[in-house]
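>>> Please find the sequence and the predicted model below.
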Amino acid sequence: MSSSKVSVTAHDTALLVEINRPAVRNAVDNETAEALADAFRRFDKDPALRVAVFAGRDGTFCAGADLKQMASGERRKRWRESTDGPMGPTRLALSKPVIAAVEGYAVAGGFELALWCDLRIAATNAVFGVFNRRWGVPLMDGGTVRLPRLVGEGRALEITLTGRPVAADEALRIGLVNEVTPPGGAVARALELAHTLASLPQDAFNLDRQSIRRQAGLSLADAMNKEFRESLAAQGVEQGASRFVEGAGRHGVAVPASHQR
């Protein structure tokens, strides 16, 4: 789906996906949700792309769902007809990682979009929060599931029930974000990290990512067995060990793309 409300730009092996509704602080309406889901599906299917960066235009990540459209009932109608999440991509289980680059507000449904991503880079002006607490709209797109898995149940309950703002420095301290940059620097840093991740051998990289993602809800024994079975069945384990024996990847130097699987 093509939409002026979502911008998609390839940067070599990385893809930058940006919400482009700055007049409403990048709030997500039905068209935007559908365009975001489509953009990330296309990313997942494109073998030339390895990592995506998710951001919002003009200094705001996303202020949540478009409440005017929600109040009219149009948002609920789409939810009944679509298998995608209310905010778009949040039901997708991608085979490749997504990095959120957060400037300004990532609140309500925008907070849930950031939580969907694998990693989060936040500028010092970033603000996270369940601001929908103030007007009586519940989280409905993974917030109550993903937030406690990141920061623990106690912190998640406090952040969710109070609806208070969480600044970037606190978000870094509690493990909600992975890194903090100066204002205006989140996208550039996220793209830099994306290219670093894309330079690594991808088979083992994505196998480990998926193992971490899938272990939630499994017992320790089941998770350990699943990790081992899937790693044992993977192609390229011996080749990867051989690359090390031959000197590749030592002293922090990435394996050249020509030698990767």
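Received it, and whenever you're ready, just let me know what you need. Numbering: from 1, shown residues only.

>>> Only C-alpha atoms from now on, for both contacts and neighbour counts.
Fine.

>>> ok, now which ones touch Gly104?
Counting by C-alpha atoms under 8 Å, 6 or more residues apart in numbering, Gly104 touches 59-61, 123, 125-127.

>>> What's the separation between it and Val177?
Using C-alpha to C-alpha, to the nearest Å, one gets 14 Å for the distance from Gly104 to Val177.

>>> just to revisit the earlier point, the contacts of Gly104 in strands, which ones?
Residues of the contacts of Gly104 located in strands (DSSP state E): 123, 127.

>>> out of the contacts of Gly104, who's nearest Gly110?
Closest approach to Gly110 among the contacts of Gly104 (C-alpha to C-alpha): Phe61, at 7.0 Å.

>>> Please list all residues in contact with that closest one.
Applying C-alpha under 8 Å, 6+ apart to Phe61 gives the contacts 19, 25-26, 55, 101-106, 110.

>>> for Phe131, same thing?
Each residue near Phe131 by C-alpha under 8 Å, 6+ apart is listed here: 107-108, 163-165.

>>> Show the backbone phi and psi for it.
phi -70, psi -20 (degrees, to the nearest 10).

>>> Most neighbours out of the contacts of Gly104, which is it?
Within the contacts of Gly104, Phe61 tops the neighbour count with 33 neighbours, counted by other C-alpha atoms under 10 Å.

>>> Neighbour count for the contacts of Phe131 - can I get that in TSV?
Shown next, in TSV, are the contacts of Phe131 (neighbours: other C-alpha atoms under 10 Å):
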residue	neighbour count
Val107	27
Ala108	27
Gly163	18
Arg164	16
Pro165	17
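
>>> Which among the contacts of Phe61 count as buried?
The neighbour count (16 or more other C-alpha atoms under 10 Å) marks 19, 25-26, 55, 101-106, 110 as buried among the contacts of Phe61.

>>> Any chance of those in CSV with distance to Arg146 and secondary structure as columns?
Formatted as CSV, the buried ones among the contacts of Phe61 follow (distance: C-alpha to C-alpha, whole Å; DSSP: H, G, I helix; E, B strand; the rest coil):
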residue, distance to Arg146, secondary structure
Ile19, 21, strand
Arg25, 23, coil
Asn26, 22, coil
Ala55, 19, strand
Ala101, 18, strand
Val102, 17, strand
Glu103, 20, coil
Gly104, 21, coil
Tyr105, 18, strand
Ala106, 15, strand
Gly110, 13, helix
